[in-house]
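**Student:** Would you be able to build a 3D model of this:
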Amino acid sequence: PCEHHEECQSKCCVTNNLSPQRFCTPKTFFLQCLSWTKPNGYSCQDHSECQSECCVRSSQVPMQFCTSKTVFLQCVPWRKPNGEFCRSHSQCWSQCCLHVPQISAFRCSARNGILAQCLPL
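**Tutor:** Below is the predicted model of the structure:
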């Protein structure tokens, strides 16, 4: 166990598992001193906590989890399906949040029209 880099022969004192305790560890091939990061599925609050550098909501549960990035290296959070209440386009899988006058609320809606736009029916 250690508290500061100077205590270690490698000059590298980092967290290397879920425990908050820090340990002396060797530096990487590029002489970096890297802390342990969480694999996918672990709860998180910030992208830097995850090996994937992607910490997002992955369901209706309000907690965030470490998740893989897409093939385009994007970190995409879970979005609501059509019919769910919404406040903005970004909350919906369809990227379309429209006002429904009959119930005086906004709901996620499917895109429509020839150009698949976010238009009211």
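**Student:** The closest residue to Trp93 other than its chain neighbours: what's it in contact with?
**Tutor:** Excluding its sequence neighbours, the residue lying closest to Trp93 (C-beta to C-beta, 6 or more residues apart in numbering) is Arg79, at 4.2 Å. For every residue, glycine as well, the C-beta is placed using N, CA and C. Each residue near Arg79 by C-beta atoms under 8 Å, 6 or more residues apart in numbering is listed here: 90-93, 95, 108.
**Student:** Could you list the domains of the chain?
**Tutor:** Domain assignment for the chain by automatic domain parsing gives 1-36, 38-78, 79-121.
**Student:** For the shortest one, buried residues please.
**Tutor:** So that's domain 1-36. Buried residues in domain 1-36, counted by 16 or more other C-beta atoms under 10 Å: 8, 12-14, 22, 24-25, 36.
**Student:** I'd guessed Gln91 sits against Arg107; true?
**Tutor:** No - look at Gln91 against Arg107 with C-beta atoms under 8 Å: they stay out of range, at 10.4 Å.
**Student:** overlap in contacts of those two?
**Tutor:** Common contacts of Gln91 and Arg107 (C-beta under 8 Å, 6+ apart): Cys97.
**Student:** low-scoring pLDDT stretches of this structure, where are they?
**Tutor:** Regions of the chain meeting the criterion pLDDT under 70 cover residues 113-116, 120-121.
**Student:** Let me see the ranges of the strands in it.
**Tutor:** Using DSSP state E, the strands of the chain run over 13-15, 22-24, 43-44, 55-57, 64-66, 97-100, 105-108.
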